[in-house]
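Asker: I'd like to go over a predicted model; first the sequence, then the structure.
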Amino acid sequence: MRLLVTRPEPGGQRTASRLVEMGHEPLSLPLFEPLITARPQELPDAGLIDAVVATSARAFDFLGGAPVSSPYQRIPVHAVGPATARSASDAGFAIVHEAGGTARELAASLIAKSVAGQSPEKQSGGGQSTGPGMPAETGSAGETLRLLYLAGRPRKPALEAEIVGAGMSLTVLETYEMVEISYSTDSVISEVFDPPPDVILLYSANAAERLVNLVAAKNLGKSLHSARFLCLSTEIRDRLPDPWRDRATAPERPDEDSLLASLTRLG
């Protein structure tokens, strides 16, 4: 099949290689590109942090491929899923916990461990969120679990709200920003949509919305009248307009292995 990959680079090329091995014809149309917005020196003092939280493999790119400083290597990382967990391990973190693949499951895991006493007991009265690069505040007896969130921009506030609402202290360090790629000329668009793709792979809700806007701006709706959409999660699928959503599917687990398994079933 002719497949449109909207995943940002360098991940898009890795996906394309997997698709070629599966016998498909991948087309690349990344809709965003990552911009690193932090430096390793901006990490707070490791003594002020009990655990690191990450929801994207890109969260560790600001380290430039070098291992994280030795005090941080002993701090546990709570990663949203397998790709993020691998990036944390590659960055030198020795203790990495993997959640079920969604931010909601990650928050639930952190809260459960705190309540169970596997981490410091939560402080009464709610937690506290600090700004980028600012050290977290702790309770008088060190009771608040102090988390460092290596975050991207833009992002949804739900994870931070749940963590803080559960009585944990949160420091946010924005390490990257996803920036829209502008396709001002029609040559790239024409190559991708003529002939039209059979299936479009979508990896984020922002990419889904960007694709909808791009297709409208370029008047390409008719070229996708029969295309199917493979979305990494149901949340992404729900961002599509009705005619597309009817032809969209999402795997049970929000990871690429599950996504490509869904592609095999489309056959």
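Answerer: All right, it came through fine. Numbering: from 1, shown residues only.

Asker: quick one, helices of this protein?
Answerer: Taking DSSP state H, the helices of the chain run over residues 11-21, 70-73, 82-90, 103-115, 158-165, 186-193, 205-217, 234-237, 242-245, 256-266.

Asker: who's in contact with the most centrally placed residue in the chain?
Answerer: Nearest to the mean C-alpha position of the chain, by Cα atoms, centre = their mean, lies S56 at 3.8 Å. Residues near S56 by Cβ atoms under 8 Å, 6 or more residues apart in numbering: 80, 84, 152, 176. C-beta coordinates here come from the backbone N, C-alpha and C atoms, glycine included.

Asker: May I see these arranged in CSV, with neighbour count, pLDDT and distance to N206 as well?
Answerer: Listed next are these as CSV, based on neighbours: other Cβ atoms under 10 Å; pLDDT from 0 to 100; distance: Cβ to Cβ, whole Å:
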residue, neighbour count, pLDDT, distance to N206
V80, 27, 94, 16
T84, 26, 94, 17
G152, 19, 97, 10
Y176, 20, 98, 13
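
Asker: quick one on the thing from earlier: give the phi and psi angles for the residue nearest to the centre of the chain, as a check.
Answerer: Torsion angles at S56 (phi, psi; degrees, to the nearest 10) stand at phi -150, psi 140.

Asker: start at 352 instead
Answerer: That works, and once the first residue is 352, the last one we named lands at S407.

Asker: any idea how far N564 is from it?
Answerer: Between S407 and N564 the distance is 22 Å, computed by Cβ to Cβ, to the nearest Å.

Asker: Repeat that for T495.
Answerer: If you measure T495 against N564 using Cβ to Cβ, the figure is 42 Å.

Asker: do the same with T615
Answerer: According to Cβ to Cβ, T615 and N564 sit 30 Å apart.

Asker: before we move on, the earlier item: weakest of the helices of the chain in terms of mean pLDDT?
Answerer: Across the helices of the chain, helix 537-544 has the smallest mean pLDDT, namely a mean of 79.

Asker: what separates that helix from the chain centre, distance-wise?
Answerer: Here helix 537-544 is found 27 Å from its chain centre; the criterion is Cα atoms, centre = their mean, to the nearest Å.
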